[in-house]
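> what follows is a predicted protein model with its sequence.
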Amino acid sequence: MDKILSVKNVEKYYGNKGNIVKAIDDINFDVFRGEFVGVMGPSGSGKTTLLNIIATIDDVSSGHIYIDDKDLTEVSQKDIAKFRRENLGFVFQDFNLLDTLTIKENIALALTINRFKKIEIDEKVIKVASDLGIEDILSKYPYEVSGGQKQRCACARALVTNPKLILADEPTGALDSRSAQMLIEMISHLNKELGATILMVTHDSFTASYCNRILFIKDGEIFTELVKGENTRKQFFNQILDVVALLGGDIRDVR
């Protein structure tokens, strides 16, 4: 399997000499092409900090992060935004769609910024919209479509640049149960049917049960790892609950 993401001896400190907080403590793991990996842990465990570092929003204090063998710690600030646009896709908790742009324009935004030709943009947007069943609403604005259609638009936007890695930060955190299930099934579709490689931070055990593998973080360190393997999603869900019970904290386990 091709290694898409490699996190090597990563540490992250905040504060100064008199008051240093170690948010990430020597974390190591890999994500391979086509995987759907979840990151779980109580609030304050370091999981969001880890995602922000991988997303190039924050810098490491020490260690290295490689995406497709490119060391992010060596990418200059001048080039980091371009690297992010070309290699990473994002699914946010609140979709982050722009109401002044149509669904098509929201999906196409990263392609436009990257100066793709109009004919290429149209082809890519129509293809991903067709894959996600929203080709009939491309001319509408976000406030004119349903929550489920917004979710599909957000997923299409994350996928349209064919990113090496999609990062999802608590994507179901602000949704009701029905909408949350719709969204996680859509993200799972991106992985299973469209081959997207996904790393997702979540508090929710039900959401996490859609992953192939879960990394549990506690106090900035990897506490343990679960692999779904041949288990059913229900069996995997119960295994996740067992680890959550060991971790304690405020991870949600009821959907």
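Received it, and whenever you're ready, just let me know what you need.

> is S6 located within a helix, as I assumed?
No: counting by DSSP: H, G, I helix; E, B strand; the rest coil, S6 is not found in a helix; it is strand.

> now it, nearest residue through space, not along the chain?
Excluding the flanking residues, the one nearest S6 by CB to CB, 6 or more residues apart in numbering is Y66, at 4.2 Å. (C-beta placed from N, C-alpha, C; glycine too.)

> could I get the buried residue list for the host helix or strand of the one you found?
Assessed by DSSP states H and E, Y66 sits inside strand 62-67. Within strand 62-67, the residues that qualify as buried by neighbour count (16 or more other CB atoms under 10 Å) are 63, 65-67.

> tell me where this structure has helices.
All helices of the chain, identified by DSSP state H, fall at 47-54, 77-87, 103-113, 118-131, 147-159, 177-192, 205-208, 233-247.

> would you tell me which one of those is buried the most?
When neighbours are counted by mean count of other CB atoms under 10 Å, the highest per-stretch mean among those falls to helix 205-208, a mean of 25.

> now for that helix, which elements pack on it?
Contacting helix 205-208 under the criterion 3 or more CB pairs under 8 Å, 6 or more residues apart in numbering; DSSP states H and E are the following elements: strand 36-40, helix 177-192, helix 233-247.

> which strands and helices lie in contact with the shortest one?
The reference is to strand 36-40. Going by 3+ CB pairs under 8 Å, 6+ apart, strand 36-40 lies up against helix 47-54, helix 177-192, strand 198-201, helix 205-208, strand 213-218, helix 233-247.

> can I get those in TSV with distance to E86 and mean pLDDT?
Listed next are those as TSV, based on distance: least, CB to CB, whole Å; pLDDT from 0 to 100:
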stretch	distance to E86	mean pLDDT
helix 47-54	15	93
helix 177-192	18	86
strand 198-201	17	96
helix 205-208	28	94
strand 213-218	26	96
helix 233-247	33	93
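
> pLDDT below threshold where in the chain?
The model of the chain has pLDDT under 70 over residues 174, 249-255.

> hmm, back to that, with the buried residues of strand 62-67 in mind, which one is nearest to S45?
Ranked by distance to S45 (CB to CB), the buried residues of strand 62-67 are led by G63 at 17.7 Å.

> ok, that closest one - contacts?
7-11, 26-27, 73 (CB atoms under 8 Å, 6 or more residues apart in numbering).

> could you export stretch 179-193 as CSV, CA atoms only?
Extracted C-alpha coordinates of stretch 179-193, given in CSV (Å, rounded to 0.1, in the frame of the first residue of the first chain):
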residue,chain,number,x,y,z
SER,A,179,-28.2,14.8,9.4
ALA,A,180,-25.1,13.4,11.2
GLN,A,181,-25.8,10.0,9.8
MET,A,182,-26.3,11.3,6.3
LEU,A,183,-23.0,13.2,6.4
ILE,A,184,-20.9,10.3,7.8
GLU,A,185,-22.4,8.0,5.2
MET,A,186,-21.5,10.5,2.5
ILE,A,187,-17.9,10.7,3.8
SER,A,188,-17.8,6.9,3.9
HIS,A,189,-19.0,7.0,0.3
LEU,A,190,-16.0,9.3,-0.6
ASN,A,191,-13.7,6.6,0.8
LYS,A,192,-15.3,3.4,-0.4
GLU,A,193,-16.7,4.3,-3.8
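
> can you give me the offset of that stretch from its chain's centre?
The chain centre lies 12 Å from the centre of stretch 179-193; the measure is CA atoms, centre = their mean, to the nearest Å.

> could you dump the helices of the chain into a markdown table and include distance to I137?
What follows is the helices of the chain, written out as a markdown table (distance: least, CB to CB, whole Å):
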| stretch | distance to I137 |
| --- | --- |
| helix 47-54 | 30 |
| helix 77-87 | 25 |
| helix 103-113 | 5 |
| helix 118-131 | 8 |
| helix 147-159 | 6 |
| helix 177-192 | 15 |
| helix 205-208 | 25 |
| helix 233-247 | 30 |
